[in-house]
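S.K.: Model the following, please.
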Amino acid sequence: MEKTEQTEKSYQKQDKNKGCGWKGYLSKGVKFRYCKKSIGLGFKIPRQAKEGLWVDKKCPFTADVSIRGRVLKGIVISTKMKRTIIVRRNYLHFLTKYQRFEKRHTNIAAHCSPAFDVKEGDTVTIGQCRPLAKTVRFNVLNCEHAKLLTSTPRKIFRIF
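M.R.: Numbering: from 1, shown residues only. The predicted structure is shown next:
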């Protein structure tokens with residue numbers, strides 16, 4: 001059996017009963033293989049999720065977390081939490097009285113699988129899933145790395 005990257009205090013292992021068609025041990029002498037699944041919606045399984053040796057019970061590609069509901073895009077403004085990022089989503093709100101738009105934004109907490117190497121300023125696609133924590137209801141599905149930014153990503157207003 002291959003060694004997994006164990007960084008938690010308790011031993012992490014992939015759930016054998018749920019998820020994506022558990023294979024486990026193949027035969028004598030053949031290495032242990034982790035289970036992975038396609039989430040659909042036109043998103044491909046990241047290469048790191050296919051080859052990775054980590055265990056993440058909240059990852060949509062390797063665990064029993066289904067993506068349903070909204071699929072949004074936004075800019076990463078904080079990566080200070082462990083496996084959780086803050087995504088800033090900008091939008092325009094129309095005021096009928098003045099017949100004009102005003103800029104608004106909202107911050108969304110999303111779980112980031114170890115399959116993605118996300119930094120501040122990157123543009124990510126997030127999908128809604130079941131509640132993973134008190135404030136986390138989204139999962140990272142895709143990451144587009146940012147070009148060089150001259151200013152902080154917190155105050156940039158971009159619409160996708």
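
S.K.: for the residue positioned nearest the centre of the chain, helix, strand, or coil?
M.R.: Relative to the mean C-alpha position of the chain, the nearest C-alpha, by CA atoms, centre = their mean, is the one of Val140, at 1.9 Å. The three-state assignment at Val140 reads strand, by DSSP: H, G, I helix; E, B strand; the rest coil.

S.K.: for Ser78, same thing?
M.R.: Three states are possible here, and by three-state DSSP the one that applies to Ser78 is strand.

S.K.: how near is Ile86 to Ser78?
M.R.: 4 Å (CB to CB, to the nearest Å). Every C-beta, even on glycine, is put in place using the N, C-alpha and C of the backbone.

S.K.: higher neighbour count, those two?
M.R.: A side-by-side neighbour count of Ile86 and Ser78, using other CB atoms under 10 Å, places Ile86 first with 19 against 15.

S.K.: Check which helix or strand the more buried one maps to.
M.R.: Remark: Ile86 resides in strand 84-95, with elements defined by DSSP states H and E.

S.K.: That strand: which residues count as buried?
M.R.: For strand 84-95, burial by neighbour count (16 or more other CB atoms under 10 Å) applies to 84-90.

S.K.: what do you get for stretch 115-124?
M.R.: Within stretch 115-124, the residues that count as buried by 16+ other CB under 10 Å are 115-116, 118, 120-124.

S.K.: Next up, the contacts around the residue lying closest to Arg83 once chain neighbours are set aside.
M.R.: Closest residue in space to Arg83, ignoring its immediate chain neighbours: Cys112 at 5.7 Å, by CB to CB, 6 or more residues apart in numbering. If you count contacts by CB atoms under 8 Å, 6 or more residues apart in numbering, Cys112 has them with 79, 83-85, 118, 140.

S.K.: go on, Lys134?
M.R.: For Lys134, the contact set (CB under 8 Å, 6+ apart) is empty.

S.K.: What does the pLDDT read for it?
M.R.: pLDDT, the model's per-residue confidence, is 95 for Lys134.

S.K.: any idea how far Val71 is from Lys103?
M.R.: Taking CB to CB as the measure, Val71 and Lys103 are separated by 22 Å.
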